[in-house]
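Novice: I'll drop the sequence and a predicted model, then ask my questions.
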Amino acid sequence: MADPLKERISLLEMGEAQGKLQPQHAAELARYRASGATKSTAAPAPTSPNAAPSRPAPVTLDAPATVPKGQAAQAAYAKVAALRSMKKQLNRVHELYDRNMSDSGASGLKEFNPFRAANQEFDGAVAGVPMLARQAFRVAGSGSDSDAELKLITDALPNRWSFDGTNKERFRTLDSLMADMIGNNAGLAGYSREQAAALRAENPYRPAGKPPLPKAPPRTSRPQGGRVVLDINGNPVR
């Protein structure tokens, strides 16, 4: 003989699964669950087919996913923090260079004047980078390669006596070098893979007055009939 209570619970659970349960019936089913008459759990609330898809939570860089333990991990964490500060300082150097050090011809001679305020400001910003580099590479447990890494950065710093093309290449080299160093130390410092990728791409330099690059236009499929569709750059869409 069927158990009326089990049949009742089964009907209530079926109604819940279909999203058709009335409030009083939902309360009844909750009482059965609280009493142990059924071991089922509450079904998730039904979602609307028109509901916007959930977005992944943004990656936070405030702290590593895993607390760094041990001398090597703590040294890597300190190195990543100093490299992040160096990247901001290098952006400041780049900004001052673009603003005051990019003249050509006779106008460029003012860049060699040691009493010019803009030159002193640029030199001071450049001098801040090695100070931050020493914080990164002179910590206990940072390894024997630290002196070599420090020399790589200090030797690559731009200056007022080099050609513009040389300095632009130095900026590119330093950006790439610091991104690699951050990526190489982030895992040991306890950052997750997602955090490490975000750290590498953090604080890209953008010249003053230039907004971020727009997103690429969406690709469109080739229509029927053989007509070729060109993208915004005049290239055929495949």
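Specialist: The structure has been received and is ready for your questions.
Novice: quick one: the helices in this structure?
Specialist: 4-17, 23-35, 71-100, 117-137, 146-156, 164-186, 193-200 (DSSP state H).
Novice: So Val93 is in contact with Asp123, correct?
Specialist: No - the pair Val93 / Asp123 is not scored as a contact, 9.8 Å apart, by C-beta atoms under 8 Å. Any C-beta I mention is one placed from the backbone N, CA and C, and that applies to glycine too.
Novice: Quickly note the distance from the residue nearest in space to the middle of the chain to Ala73.
Specialist: Ranked by distance to the mean C-alpha position of the chain (C-alpha atoms, centre = their mean), the top residue is Ala198 at 2.2 Å. Noted for Ala198: a distance of 19 Å to Ala73, by C-beta to C-beta, to the nearest Å.
Novice: What of Lys168?
Specialist: Applying C-beta to C-beta to Lys168 and Ala73 gives a distance of 36 Å.
Novice: So the two - more neighbours on which side?
Specialist: Ala73 (19 against 16; other C-beta atoms under 10 Å).
Novice: Give me the distance between the closest residue in space to the more buried one that isn't next to it in sequence and Leu152.
Specialist: Using C-beta to C-beta, 6 or more residues apart in numbering and skipping the chain neighbours, the partner closest in space to Ala73 is Leu188 (5.7 Å). Between Leu188 and Leu152 the computed distance is 19 Å (C-beta to C-beta).
Novice: Which segments of the chain make up each domain?
Specialist: Here the domain assignment for the chain is 10-42, 71-200, based on automatic domain parsing.
Novice: Next up, phi/psi of Gln18, please.
Specialist: Here is the backbone geometry of Gln18 (degrees, to the nearest 10): phi -90, psi 0.
Novice: List the contacts of Gly108.
Specialist: If a contact means C-beta atoms under 8 Å, 6 or more residues apart in numbering, then Gly108 has no contacts.
Novice: at 10 Å instead, please
Specialist: Listed by C-beta atoms under 10 Å, 6 or more residues apart in numbering, the contact set of Gly108 reads 101-102, 160, 163-164.
Novice: One more: Ala208?
Specialist: Residues in contact with Ala208, defined by C-beta under 10 Å, 6+ apart, are 95, 98-99.
Novice: was I right about Gln135 contacting Gln89?
Specialist: No - if you go by C-beta atoms under 10 Å, Gln135 and Gln89 don't touch, sitting 11.3 Å apart.
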